[in-house]
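Student: Mind looking at a prediction? Sequence and model below.
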Amino acid sequence: MTTHERITTDGGGMRTAVVVGGGLAGTTAALALADAGVRVTLAEARPRLGGLAFSFKRGELTVDNGQHVFLRCCDAYQWFIDRIAARDLVTLQDRLDVPVLEADTLRLGRLSRTALPVPMHLAASLVRYPHLSLRERASVGRAALALGRLDLDDPALDRTDFASWLSARGQSARTIEALWDLVGVATLNARSADASLGLAAKVFKTGLLSDPGAADIGWASAPLGDLHDGRARAALDAAGVRTMLRSRTTGIKEAADGGWHVSIETGPGRGEQLDADIVVLAVPQREAHGLLPAGSLEDPEKLLRIGTAPILNMHVIYNRQVLRQPFFAALGSPVQWVFDRTVSSGLTGGGQYVAVSQSAVEDEIDLPVAELRARYLPELERLLPAARGAGVRDFFVTRERTATFAPTPGVGSLRPGPVTRAPGLYLAGSWTATGWPATMESAVRSGLHASREALSALGMPFDNGVLEAA
């Protein structure tokens, strides 16, 4: 009799699970398992939940470590927002509208949609888009149609880079910069030359070619910590989950009679051993590699070949308002995206807080703050005339050196699914095989995938329509 069968047919009391990691993936798995009637313990090494989407205090400000957005098509993340009762803490556009500012001319274009069916919902915006020639705009439509015909299940897409595919379909360097990379760098954390066609196609097919409103942009209108830590912890408490913070998992061993022993370090010289039917390992890939018991994956070294990519955020506090819209994207400038964070941070006194969000910045992630200040403040003045002569109250930097997995060609063959060879042990995290790049959507989906497989092994129902609808 296999361990799977012993777990499934055991007629004892309430089933138990340990979830290792309190990011979005782990929190999702814990909630889904608890909702199904499993007694869950969630262990997180940090003093808070939220993983890499969190907030911290800087004086009187509440600062998000980086700008995180979601799209209307992100069904799983929106399920999560509703599950933790945080819908009042997010803003979602009624219709897609992205201001795009060209640095040299200060000419403003917009990527927006109408209510027309796909793909006509973007046609009017594309016709008016001033940053491309008429010929380039026409070529975008042809490439979009070809993109829409791609089969996302074709493994050949994973082995091809996005830039080569775009160039073969008549996309100029300017078109790639002003349109495809404008969206792709922010969603994939890689430029098209470094991105898997499979992941890029997932972003563009789902976000732009699935439904007229799919790409409408949403963001947290309160600090991320209020959502992913505060509201999430309240939801876990209400679901009966035991949440252990500052609790580092040091070992996972299979029990002789089935199930698992999980060793948790809760402080210097202190620890607990938790026994569970199910373990969900929801930590980054390298940490997962270090905790996985021998034999639980066919080729665990694949996890170490999943690269990482950084994200850099620069935070500027001006003494007056310099930006009159929630965000914009820039062309012809080192600046990628700029967001107004004044209200969500709690800034008072008449100034404005803007954040510059920079993805795919391997060459800048370790630059000194003084060098970044000297590089980016003049660029903001070039893009925002109102910033010229404005006083800068504060300038600081947040860096996530391993913010996401690198979506390079071939990465799809390295990403494992939620099920391991060890019965009762499951994987979750945005780096697992969700079909999505490393987004909040991918993280939540991974937690749902893992909990669905765990509940199936226990013979318990998985009552969630998000994955089935995808």
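Tutor: Cool, got the structure. Numbers count the residues shown, from 1 in each chain.

Student: roughly how far apart are the nearest residue to Arg415 once chain neighbours are set aside and Ala294?
Tutor: Leaving aside its sequence neighbours, Arg415 sits nearest to Ala433 (Cβ to Cβ, 6 or more residues apart in numbering; 4.2 Å). Bear in mind the C-beta positions are built from the backbone N, C-alpha and C, glycine included. Ala433 sits 22 Å away from Ala294, going by Cβ to Cβ, to the nearest Å.

Student: the more surrounded of the two?
Tutor: Shown here are Ala433 and Ala294; by other Cβ atoms under 10 Å, Ala433 has more neighbours (16 against 7).

Student: all helices for the stretch 351-470 of the chain, in order.
Tutor: In the stretch 351-470 of the chain, the helices defined using DSSP state H, counting those that start in this stretch lie at 369-383, 440-457, 466-469.

Student: Looking at the ones you listed, spot the one closest to Gly230.
Tutor: Gly230 sits nearest to helix 440-457 of all the helices of the stretch 351-470 of the chain, at 16.4 Å, using Cβ to Cβ.

Student: buried set for that closest one?
Tutor: Judged by neighbour count using 16 or more other Cβ atoms under 10 Å, the buried positions of helix 440-457 are 440-455, 457.

Student: just to revisit the earlier point, closest one to Thr28 among the helices of the stretch 351-470 of the chain?
Tutor: Using Cβ to Cβ, the helices of the stretch 351-470 of the chain put helix 440-457 closest to Thr28, at 2.9 Å.

Student: Packing partners of that closest one?
Tutor: When contacts are defined as 3 or more Cβ pairs under 8 Å, 6 or more residues apart in numbering; DSSP states H and E, helix 440-457 packs onto helix 3-9, helix 24-35, strand 69-71, helix 75-83, strand 278-281, strand 425-427, helix 466-469.

Student: what about Gln352, distance to Gly225?
Tutor: 21 Å.

Student: typed the wrong thing, it's His261
Tutor: His261 is 32 Å from Gly225, by Cβ to Cβ.

Student: The two: which is more packed in?
Tutor: Between His261 and Gly225, counted using other Cβ under 10 Å, the more crowded position is Gly225 (23 against 16).

Student: Next SSE downstream of the helix or strand harbouring that one?
Tutor: Here Gly225 sits within helix 224-225, counting by DSSP states H and E. Per DSSP H and E, the first helix or strand lying C-terminal to helix 224-225 is helix 232-238.

Student: Can you dump the C-alpha atoms of stretch 448-462 in CSV for me?
Tutor: Taking C-alpha atoms only, stretch 448-462 is exported to CSV below (Å, rounded to 0.1, in the frame of the first residue of the first chain):
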residue,chain,number,x,y,z
LEU,A,448,-4.5,26.9,-5.7
HIS,A,449,-2.9,24.2,-7.8
ALA,A,450,-1.0,22.8,-4.8
SER,A,451,-4.1,22.8,-2.6
ARG,A,452,-6.2,21.2,-5.3
GLU,A,453,-3.7,18.3,-5.7
ALA,A,454,-3.4,17.9,-1.9
LEU,A,455,-7.1,17.8,-1.4
SER,A,456,-7.6,15.3,-4.2
ALA,A,457,-5.0,13.0,-2.6
LEU,A,458,-6.9,13.3,0.7
GLY,A,459,-10.2,12.5,-1.1
MET,A,460,-11.6,15.9,-0.2
PRO,A,461,-13.4,18.3,-2.6
PHE,A,462,-11.7,21.4,-4.0
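
Student: Make residue 1 into 874 and carry on from there
Tutor: Done: numbering now begins at 874, and the last item shifts to stretch 1321-1335.

Student: contacts for it?
Tutor: 877, 880-882, 888, 890, 898, 901-902, 905-906, 909-911, 949, 1150-1151, 1153, 1155, 1290-1292, 1296-1297, 1299-1301, 1305, 1307, 1337, 1339-1340 (Cβ atoms under 8 Å, 6 or more residues apart in numbering).

Student: May I see the ChimeraX selection of the buried members of these?
Tutor: Of the contacts of stretch 1321-1335, the buried ones go into a single ChimeraX selection, burial set by 16+ other Cβ under 10 Å:
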select :880,881,888,890,898,901,902,905,906,909,911,949,1150,1151,1153,1155,1291,1292,1296,1297,1299,1300,1301,1305,1307,1337,1339,1340
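
Student: Surely Phe1268 and Arg1246 touch.
Tutor: Yes. Using Cβ atoms under 8 Å, Phe1268 is in contact with Arg1246, at 5.1 Å.

Student: residues shared between the contacts of these two?
Tutor: Counting by Cβ under 8 Å, 6+ apart, the contacts common to Phe1268 and Arg1246 are Met1187.
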